[in-house]
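Chemist: mind looking at a prediction? Sequence and model below.
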Amino acid sequence: MKNWIIGAILLIAAAAAYYYFQVYQPTASEQQKSAEVHVAEPAREPELRPETPEPVPTTEPVVQTMTPPETEEEPLPTLVESDPVVLESLGGLLGEPAVTEYVVSDNVISRVVATIDMLGGRQVSSVVQAVQGPEGGFEVTVNDAPDPTIRNEVGDEIPQFIIDPSNYARYTPYVEALEAVDTAELIAEYRSLYPLFQEAYQQMGYTDRDFDARLAKIIDELLATPEVDGPVNLVKPEAVFLYADPRLESLSAGQKILIRMGSENANRVKSKLADIKAQL
């Protein structure tokens, strides 16, 4: 993973102090006795009286320090040239195979910003999605005994469906990839690239808004996604499936995606989002 701040190494060398000690001999005058003696005294060994020692020269330890070379943070690329840097960063977080399989490789930051912003709306356009959709089709089964029955404006019964539980497994690889990301590293990378996220957000027309605030709001909305017990009922009055429960249909696009991936996957995603929110 690309590192944006390189630590400096401080080298310290110390010089050892040198000390020495000198032994002094007595002077000749101190060895002479007085010539006039009235009482014979036993001979005594000459008293050794060392001279006052000279100050012992000392050398203070010399500490040599090397000032670390000034390092400059590698400048960020422009937004239009940022794809290689972002993909390299994601490769360090998710692993290159996952990036190749799941992440759209062009205009990555702009797509991420647009996708996150649209998660709070009614739907996420496939034109701006930053992540490749799951393989296979959306699996449903016919609800032969819907409760309640739903009718259109002219009174005809609208067919109802149930999300097939086998459909949930299509989302599991995405959940596993998200769980494998180290949250602290993810946030560090986001912070290092944040000026580019903010620039992309402003290019969408939000010139006086902060993308950080938008991201926090979307995370809160996703965490507030209601739990759905039992089968999830759908209707298809026209070309697309809608939730049969008006309460679920009124949810944001991001909340609907969590419900569509099944309660187990949704709870795992919520757990990771709560961790990201706590550290963000």
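Modeler: All right, it came through fine.
Chemist: and Gly262, how far is that from Lys256?
Modeler: Distance, Gly262 to Lys256, using Cβ to Cβ, to the nearest Å: 13 Å. Placement of C-beta: from N, CA and C, glycine included.
Chemist: Ala130 now?
Modeler: 18 Å.
Chemist: can you map out the helices along the stretch 101-250 of the chain?
Modeler: Secondary structure of the stretch 101-250 of the chain by DSSP state H, counting those that start in this stretch: the helices cover 108-118, 172-180, 183-192, 194-203, 211-223, 246-249.
Chemist: of all the ones you listed, which one is nearest Gly137?
Modeler: Comparing these by their distance to Gly137 (Cβ to Cβ), the top pick is helix 172-180, with 16.4 Å.
Chemist: ok so, going back, most neighbours per residue, which of the helices of the stretch 101-250 of the chain?
Modeler: helix 108-118 (a mean of 21; mean count of other Cβ atoms under 10 Å).
Chemist: quick one: pLDDT of Lys270?
Modeler: With respect to pLDDT, Lys270 scores 97.
Chemist: right, and it touches Asp220 too?
Modeler: No. Using Cβ atoms under 8 Å, Lys270 is not in contact with Asp220; the gap is 11.3 Å.
Chemist: returning to that earlier point: please identify which of the helices of the stretch 101-250 of the chain is closest to Val86.
Modeler: helix 108-118 (4.6 Å).
Chemist: what is the neighbour count of Pro75?
Modeler: 7 (other Cβ atoms under 10 Å).
Chemist: got the phi and psi for it?
Modeler: The phi and psi values for Pro75, taken as degrees, to the nearest 10, are phi -60, psi 150.
Chemist: for the helices of the stretch 101-250 of the chain, which one sits closest to Ala145?
Modeler: Using Cβ to Cβ, these put helix 246-249 closest to Ala145, at 19.6 Å.
Chemist: okay, the closest residue in space to Pro159 that isn't next to it in sequence: pLDDT?
Modeler: With sequence-adjacent residues excluded and distances taken as Cβ to Cβ, 6 or more residues apart in numbering, Pro159 is closest to Lys236, at 6.4 Å. pLDDT recorded at Lys236 is 88.
Chemist: in contact with Lys236, which residues?
Modeler: Counting by Cβ atoms under 8 Å, 6 or more residues apart in numbering, Lys236 makes contact with 158-159, 161, 242.
Chemist: quick one, what contacts Leu94?
Modeler: Counted by Cβ under 8 Å, 6+ apart, Leu94 has contacts 102-103, 177, 180-181.
Chemist: distance check, the residue nearest to Pro159 against Ala244.
Modeler: 10 Å.
Chemist: alpha carbons only: can I get the longest helix anywhere in the chain in PDB?
Modeler: Scanning the chain for the longest helix, with DSSP state H as the assignment, gives helix 263-279. Only the C-alpha atoms of helix 263-279 are listed here, as PDB (Å, rounded to 0.1, in the frame of the first residue of the first chain):
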ATOM      1  CA  SER A 263     -30.400  -9.900   7.100                       C
ATOM      2  CA  GLU A 264     -27.200 -11.900   7.900                       C
ATOM      3  CA  ASN A 265     -25.200 -10.000   5.300                       C
ATOM      4  CA  ALA A 266     -26.800  -6.700   6.200                       C
ATOM      5  CA  ASN A 267     -25.900  -7.200   9.900                       C
ATOM      6  CA  ARG A 268     -22.300  -7.900   9.000                       C
ATOM      7  CA  VAL A 269     -22.100  -4.800   6.900                       C
ATOM      8  CA  LYS A 270     -23.700  -2.700   9.700                       C
ATOM      9  CA  SER A 271     -21.100  -4.000  12.100                       C
ATOM     10  CA  LYS A 272     -18.300  -2.900   9.800                       C
ATOM     11  CA  LEU A 273     -19.900   0.500   9.200                       C
ATOM     12  CA  ALA A 274     -20.300   1.000  13.000                       C
ATOM     13  CA  ASP A 275     -16.500   0.300  13.300                       C
ATOM     14  CA  ILE A 276     -15.700   2.800  10.500                       C
ATOM     15  CA  LYS A 277     -18.000   5.400  12.100                       C
ATOM     16  CA  ALA A 278     -16.300   5.000  15.500                       C
ATOM     17  CA  GLN A 279     -12.900   5.600  14.000                       C
END
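Chemist: helices and strands around that helix, which ones?
Modeler: helix 172-180, helix 183-192, helix 211-223, helix 253-260 (3 or more Cβ pairs under 8 Å, 6 or more residues apart in numbering; DSSP states H and E).
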